[in-house]
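Trainee: just the structure for this:
(2 chains)
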Amino acid sequence: MKLQTILELPQCRVLVKGDPSREISRIFCCDLLSIAMGKAPSDGVWVTVMGNKNTLAVASLTDTACIVLAEGVSLDEDTLAKAEEEGIAILATDLPIFDIALEIHEAGDL
Amino acid sequence: MSDQLIFTYVIDGDDFTRAGEASSSVKNKLKMIGVDSDVIRRVAIAMYEGEINMVIHANGGVITVTISDTDITMVLADSGPGIPDIDKAMQEGYSTAREEVRSLGFGAGMGLPNMKRYTDEMHIDTVLGTGTTITMKVNL
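Mentor: Numbering: from 1, shown residues only, chains lettered A, B, ... in the order given. Next up is the predicted model:
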């Protein structure tokens, strides 16, 4: 599945679009950055409610392709600008983590 | 003797939101030199964990990264309180991080275990009240 498929999901607001043609490897759900640091897959979609600057730092270091912020969580403008620079897509949704991860799973057959 | 590349970073102990900038910079440099992506990921994770630890526990410090033909060595030196019980600190899930740090998603007691897991060698030198120096090596 390409990132474009996730960007088109009606439940998500696109805050930063990243590279829509990037091939997505897996879906990863985790709110503890310490665990995400070791486990987030390269080119993955990371679904989390942890929205702070460090979330982006972890995504960047693990080569995450896209962060999906669940439960109405958002990120400040500076962090979004940094994500744009680093080519990491950021989406936001009001859905809970499981629900949006399931939507992505069904949309992309991951 | 072949050439070595050496980079030094001063880690600001006050600014949690900037933690990760040094690791990110190393990651980009390794990418430019064309280092294997799995090695880059391991170096970046180990160094970021170390960087976060320095900010959480030691009010910052200095990281020196040396890239040689055979390995990448990271030396993280701080003047913090030292680690009273290394065996405990190496256990997954053991943490002495403050509540505010936990609320940011850290402090799960994964830092040192991750650093060991993602490197080929790790050595901790710590003196209570004086500081800690951690040396990590990832083979190329």
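Trainee: using CSV, write down the CA coordinates of the least confident helix or strand in chain A by mean pLDDT.
Mentor: The weakest-scoring helix or strand in chain A, judged by mean pLDDT, DSSP states H and E, is helix A:33-39 (a mean of 89). Extracted in CSV, the C-alpha atoms of helix A:33-39 (Å, rounded to 0.1, in the frame of the first residue of the first chain):
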residue,chain,number,x,y,z
LEU,A,33,8.0,6.5,23.0
SER,A,34,10.6,4.3,24.8
ILE,A,35,9.1,1.2,23.2
ALA,A,36,8.3,2.8,19.9
MET,A,37,12.0,3.8,19.6
GLY,A,38,13.0,0.1,19.6
LYS,A,39,10.0,-1.3,17.7
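Trainee: contacting residues around that helix?
Mentor: Outside of helix A:33-39, the residues within contact range by C-beta atoms under 8 Å, 6 or more residues apart in numbering or on different chains are A:28, A:30, A:46, A:48, A:50, A:54-55, A:58, A:61-62, B:45, B:48-49, B:104-111, B:114, B:117-118. (Each C-beta comes from the backbone N, C-alpha and C, glycine too.)
Trainee: cool, stretch B:128-140 as well?
Mentor: Contacts of stretch B:128-140 (C-beta under 8 Å, 6+ apart): B:35-36, B:39, B:42-43, B:46-47, B:50, B:58, B:61, B:69-84, B:115, B:118-126.
Trainee: which of the contacts of helix A:33-39 are buried? Put it as a PyMOL command.
Mentor: Typed into PyMOL, the line below selects the buried ones among those, using 16 or more other C-beta atoms under 10 Å in any protein chain shown:
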select buried, (chain A and resi 28+30+46+48+50+54+55+58+61+62) or (chain B and resi 45+48+49+104+105+106+107+108+109+110+111+114+118)
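Trainee: go through the contacts of helix A:33-39 and flag which are in helices.
Mentor: A:54, A:55, A:58, A:61, B:45, B:48, B:49, B:111, B:114, B:117 (DSSP state H).
Trainee: chain neighbours aside, what residue packs nearest to residue B:125?
Mentor: Spatially, and ignoring its direct neighbours in sequence, residue B:125 is nearest to residue B:133 (4.5 Å; C-beta to C-beta, 6 or more residues apart in numbering or on different chains).
Trainee: before we move on, what about residue A:105?
Mentor: That would be residue A:27: by C-beta to C-beta, 6+ apart, it lies 6.0 Å from residue A:105.
Trainee: what's around the nearest residue to residue B:4 once chain neighbours are set aside, how many residues?
Mentor: Nearest in space to residue B:4, with sequence neighbours left out and distances taken as C-beta to C-beta, 6+ apart, is residue B:68 at 4.9 Å. Using other C-beta atoms under 10 Å in any protein chain shown, residue B:68 is surrounded by 15 other residues.
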